[in-house]
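Student: Requesting a structural model of the entry that follows:
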Amino acid sequence: MAKDEEDRGIRGNALSRGARLAALPVGFAGRTTWGLGKRLVGAPAGYVATEVQQRTADQIFRVLGELKGGAMKLGQAMSIFEAALPPEIAGPYRETLTKLQDAAPPMPTSTVHRVLAEQLGPDWRDLLTTFDDKPAASASIGQVHRGTWHDGREVAVKIQYPGAGRALRSDLRQIARIARLFGVLMPGMDVRALVTELQERVAEELDYALEAAAQQAFADELRDDPEVVVPNVVHHTDALLVSEWLESASSLAEVIVSSTPEERDRYGEAFIRFLLAGPERVGLLHADPHPGNFRIMPDGRLGVVDFGAVARLPDGLPPSMGRLLRLALDGDRAAVLEGLRAEGFVRVGVVVDAEQLGAYLDPFLEPVRHETFPFDRDWLRGQAGRLSQPSSAAIASKINLPPEYLLIHRVWAGGIGVLCQLGATVPARAIVEESVPGFAEPPGP
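Tutor: Next up, the predicted model:
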């Protein structure tokens, strides 16, 4: 294999990657023209629109999954909200979406060995006494191999793809220019805002030293937890992370595809408790909640991996979150609007009707109105459809998301998306009371 080909740890060079991403809107334009032709010869409008969506989904999910880098990272972020897609769109591509959550095409073995030599030195086999060349998992910016550390521990070796940083930044710039296209699949999703947030996190996600520190903080805090396990860090460099191996039976992505209602409820509750408890227990919020990062252990615990994206919250979640949720639940719409202004969600000078704002927010509160709530695809599709209505869009356009809430919002929305994929019934109210400061307290005067 030629050296320049080896260097393509992420498939294709910048020019070819850009060309494949640029082809997405061209393909959509062609399908739209094809749909118009079908309409002209009498095909029902609903049938034509659905077929255009299906063909668009096919191309988008295939390209995002094959390219890795920023393309796949966006695909993984979108896959969390698969439950919001209409059944006729999501159904045929659920398998593709699951693959986006759990795997990607691997890089060549010769490239893997070269990265190991660069990161661990030419005698890297003295440190890794065994090393499986076939990756156990591969994702957007790195892939994982199983091996044995020189002290006898079974380890997971996470290797960053050569050129990952360039590919991430290039992909996300290109996708930002065509973000409008993704609205065809998910009308209620602001893909441009999601891409902007991913762009702002690139440097942190590429820094394996930061990831190692975050992972070890979780591992230390959760060492004796009966529900969740996080592997200890063994060694790390800038582009390589060695962790203790988790012998998992499957992933949460597989639970979504095939499991019993009891398993869905159990792992759904463990998943959301882990996400919301992190800021209080560790001062960190795991901010990449796609199901491939959550493993099902033989002893029934939930294993958690990939701490490249975290929100650093040393004081825990903002108490204002809980207070505003409580005020909204109690129906004090004027106080909710005042609180949102104070937190920067409604900018100075923006006129918002408190009653209309309350009507917009009320359906989101449904999970905490009851002791337990059955999250499912129908409920999420209903929310997505409501958000696409002009009246909802008019209110949403007046709401600002302050920078300090970006990752919190991503995790909150992503967590709900995964619960709806699972179809899990969980004690949402009790979990929020335990984990979100201010919610259990009576609102102040």
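Student: Which stretches in the protein count as strands?
Tutor: Per DSSP state E, the chain carries strands over the ranges 128-131, 137-138, 142-149, 154-160, 228-229, 233-236, 240-244, 250-251, 284-286, 294-296, 302-304, 310-312, 373-374, 425-426.
Student: closest to Pro108 out of those strands?
Tutor: Closest to Pro108 of the strands of the chain is strand 142-149 (Cβ to Cβ; 11.1 Å). Yep, even glycine has a C-beta here, placed from its N, CA and C like the rest.
Student: List the contacts of the closest one.
Tutor: Contacts of strand 142-149 from elsewhere in the structure, counted by Cβ atoms under 8 Å, 6 or more residues apart in numbering, are 104, 106-107, 112, 127-138, 154-161, 164, 234-235, 242, 245.
Student: Let's see that with 7 Å instead.
Tutor: Strand 142-149 has contacts (Cβ atoms under 7 Å, 6 or more residues apart in numbering) with 106-107, 127-132, 135-137, 154-161, 234, 242, 245.
Student: Just put the strands of the chain in a markdown table and tack on mean pLDDT.
Tutor: Formatted as a markdown table, those follow (pLDDT from 0 to 100):
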| stretch | mean pLDDT |
| --- | --- |
| strand 128-131 | 98 |
| strand 137-138 | 80 |
| strand 142-149 | 94 |
| strand 154-160 | 96 |
| strand 228-229 | 97 |
| strand 233-236 | 98 |
| strand 240-244 | 97 |
| strand 250-251 | 88 |
| strand 284-286 | 96 |
| strand 294-296 | 95 |
| strand 302-304 | 97 |
| strand 310-312 | 92 |
| strand 373-374 | 97 |
| strand 425-426 | 98 |
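Student: Throw those strands into a markdown table and include mean neighbour count and distance to Gly382, thanks.
Tutor: Shown next, in a markdown table, are the strands of the chain (neighbours: other Cβ atoms under 10 Å; distance: least, Cβ to Cβ, whole Å):
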| stretch | mean neighbour count | distance to Gly382 |
| --- | --- | --- |
| strand 128-131 | 15 | 49 |
| strand 137-138 | 20 | 34 |
| strand 142-149 | 21 | 37 |
| strand 154-160 | 23 | 39 |
| strand 228-229 | 20 | 31 |
| strand 233-236 | 19 | 42 |
| strand 240-244 | 23 | 40 |
| strand 250-251 | 18 | 28 |
| strand 284-286 | 24 | 27 |
| strand 294-296 | 24 | 26 |
| strand 302-304 | 23 | 28 |
| strand 310-312 | 20 | 29 |
| strand 373-374 | 18 | 13 |
| strand 425-426 | 20 | 17 |
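Student: Any idea which of these gets closest to His409?
Tutor: Closest among the strands of the chain, once you apply Cβ to Cβ, is strand 310-312, at 10.1 Å.
Student: helices or strands up against the closest one?
Tutor: Using 3 or more Cβ pairs under 7 Å, 6 or more residues apart in numbering; DSSP states H and E, the elements in contact with strand 310-312 are strand 284-286.
Student: Run through who's touching the strand it packs on.
Tutor: Outside strand 284-286, the residues touching it (Cβ under 7 Å, 6+ apart) are 214, 217-218, 275, 278-279, 304, 307, 310-313, 407-408, 411.
Student: Indicate each strand paired with it and its parallel or antiparallel sense.
Tutor: strand 310-312 (antiparallel) (DSSP bridges).
Student: what's the first-to-last distance across stretch 215-226?
Tutor: 18 Å (Cα to Cα, to the nearest Å).
Student: which of the residues in it are buried?
Tutor: Neighbour counts over stretch 215-226 (16 or more other Cβ atoms under 10 Å) mark Gln215, Gln216, Ala217, Phe218, Ala219, Glu221, Leu222, Asp225 as buried.
Student: quick one, domains of this protein?
Tutor: Structurally, the chain divides into domains by automatic domain parsing as follows: 3-101+165-202, 248-445.
Student: Comparing those by mean pLDDT, which bottoms out?
Tutor: With a mean of 54, domain 3-101+165-202 has the lowest mean pLDDT of the domains of the chain.
Student: how much space between Arg125 and Asp288?
Tutor: To Asp288, Arg125 is 31 Å away according to Cβ to Cβ, to the nearest Å.
Student: Give me the more crowded residue out of these two.
Tutor: Asp288 (24 against 15; other Cβ atoms under 10 Å).
Student: And for the residue lying closest to that one once chain neighbours are set aside, the neighbour number?
Tutor: Closest residue to Asp288 in three dimensions, ignoring its sequence neighbours and counting by Cβ to Cβ, 6 or more residues apart in numbering: Ala309, at 4.2 Å. Neighbour count of Ala309, defined by other Cβ under 10 Å: 22.
Student: ok, Ala309 - contacts?
Tutor: Arg201, Glu205, Ala287, Asp288.
Student: for Leu317, same thing?
Tutor: Contacts of Leu317 (Cβ under 7 Å, 6+ apart): Pro279, Ile408, Val436, Pro437.
Student: And the contacts of strand 284-286, which is closest to Leu361?
Tutor: The closest of those, once distances to Leu361 are taken by Cβ to Cβ, is Ile408, at 16.3 Å.
Student: what separates that closest one from Ala239, distance-wise?
Tutor: Ile408 is 29 Å from Ala239, by Cβ to Cβ.
Student: which residues in the stretch 101-250 of the chain form helices?
Tutor: Using DSSP state H, counting those that start in this stretch, the helices of the stretch 101-250 of the chain run over 109-120, 124-127, 164-177, 179-182, 191-200, 202-206, 208-221.
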